[in-house]
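Student: Below is the structure, and that's it, no one-letter string:
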């Protein structure tokens, strides 16, 4: 599902310039966070919630993320929320909505524009942002039937200095969020970033393990094939020895016959004639000439009886 399919060509072309120059002043009201008197904070609730997150993160980091969104909504009194992660392609990039809760859960997996969205503004400013009814300006929100009395967004750092996403929640009414909510959201975003890094690390380890398993399987197959080839080679050499023993009348005869057969075997496994070493070809030729020129050798080479 995408939330930006109906962007006008002007909105797409202008991108960040349109965002910065034409956003009505009453859409982004971040300064209101400091003007509003903070609601009474339950620090014990926050402490216990963060401890619970830390315990879950050690064993199941992927399961922490949806729980973290639920926790943000619960502590801050929101009605919906989620995590938006930035994807570079297609250029200039999009945000994909993950772990949505509340009224907006049906939009999970949807994408929004990098350069024409509240998330984009949050990444540019690298600090908490408060928007009031952003659907008045961001037409793709209104066209999707989304109304946001207030939306509090905080940058999400997955690694490095650049934020690569946002954690955001929506209020039930205007005038709801204050600086205390921005503080707890920032702390929760830090946990989310750690969890996402752990999930990414686990995925890389899983892929490396699967690659190693594949390499091990291929090595075992190669080893098994080499074992079969060595067994076949011993069987061939054993057969050559038995044939030579029957054809020879003296140890010297057997040595000459067997040497010729072994050289022929080496030549057969050396590849096409133009890849064989010159010395091997000459050696084989000398052996053939010796047997053909020496009637006694030729006679000795015939089976006896």
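Tutor: Everything's here; your move. Keep in mind that what you see is a predicted model, and the values were worked out from it rather than measured. Numbering: from 1, shown residues only.
Student: in the protein, what spans have low per-residue confidence?
Tutor: Scanning the chain for pLDDT under 70 picks out the ranges 1-22, 57-58, 61-62, 159-161, 199-216, 228-229, 232-233, 265-305.
Student: Let me know how buried the spatially closest residue to residue 248 that is not a sequence neighbour is, in neighbour terms.
Tutor: Of all residues beyond its chain neighbours, the one nearest residue 248 is residue 254 (3.6 Å), with distances taken as C-beta to C-beta, 6 or more residues apart in numbering. The C-beta positions use only the backbone N, C-alpha and C, and glycine is treated the same way. Other residues lying near residue 254 total 17 when counted by other C-beta atoms under 10 Å.
Student: Confirm residue 89 sits in a strand?
Tutor: No: secondary structure of residue 89, determined by DSSP: H, G, I helix; E, B strand; the rest coil: coil, with no strand assignment.
Student: if I look at it, how far off is residue 111?
Tutor: Here residue 89 is placed at a distance of 11 Å from residue 111 (C-beta to C-beta, to the nearest Å).
Student: For these two, indicate the residue with more neighbours.
Tutor: It is residue 111, of residue 89 and residue 111, that has more neighbours when counted by other C-beta under 10 Å, with 20 against 7.
Student: For beta bridges, what are the partners of the more buried one?
Tutor: Under the criterion DSSP bridges, residue 111 forms beta bridges with residue 2, residue 96.
Student: That one contacts residue 95, doesn't it?
Tutor: Yes: at 6.5 Å, residue 111 counts as touching residue 95 under the criterion of C-beta atoms under 8 Å.
Student: hang on, the earlier thing: which element, helix or strand, includes the residue nearest to residue 248?
Tutor: In this structure, residue 254 sits in helix 251-268 according to DSSP states H and E.
Student: Would you mark the buried spots in that helix?
Tutor: 253-254, 256-258, 260-261, 263, 267 (16 or more other C-beta atoms under 10 Å).
Student: got CSV for the residues you listed, with distance to residue 178 too?
Tutor: Compiled in CSV, those are given as follows (distance: C-beta to C-beta, whole Å):
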residue, distance to residue 178
253, 105
254, 101
256, 102
257, 100
258, 96
260, 97
261, 94
263, 92
267, 88
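Student: For those residues, work out which two are farthest apart.
Tutor: By the measure C-beta to C-beta, 253 and 267 form the most distant pair in the buried residues of helix 251-268, at 21.6 Å.
Student: And the helices in the stretch 101-250 of the chain?
Tutor: 118-125, 139-143, 179-247 (DSSP state H, counting those that start in this stretch).
Student: now for the shortest one, which elements pack on it?
Tutor: To tie it back to what came earlier, the one meant is helix 139-143. When contacts are defined as 3 or more C-beta pairs under 8 Å, 6 or more residues apart in numbering; DSSP states H and E, helix 139-143 packs onto no helix or strand at all.
Student: Name the residues of that helix that are buried.
Tutor: Residues of helix 139-143 classed as buried under the neighbour-count rule (16+ other C-beta under 10 Å) are 140-141.
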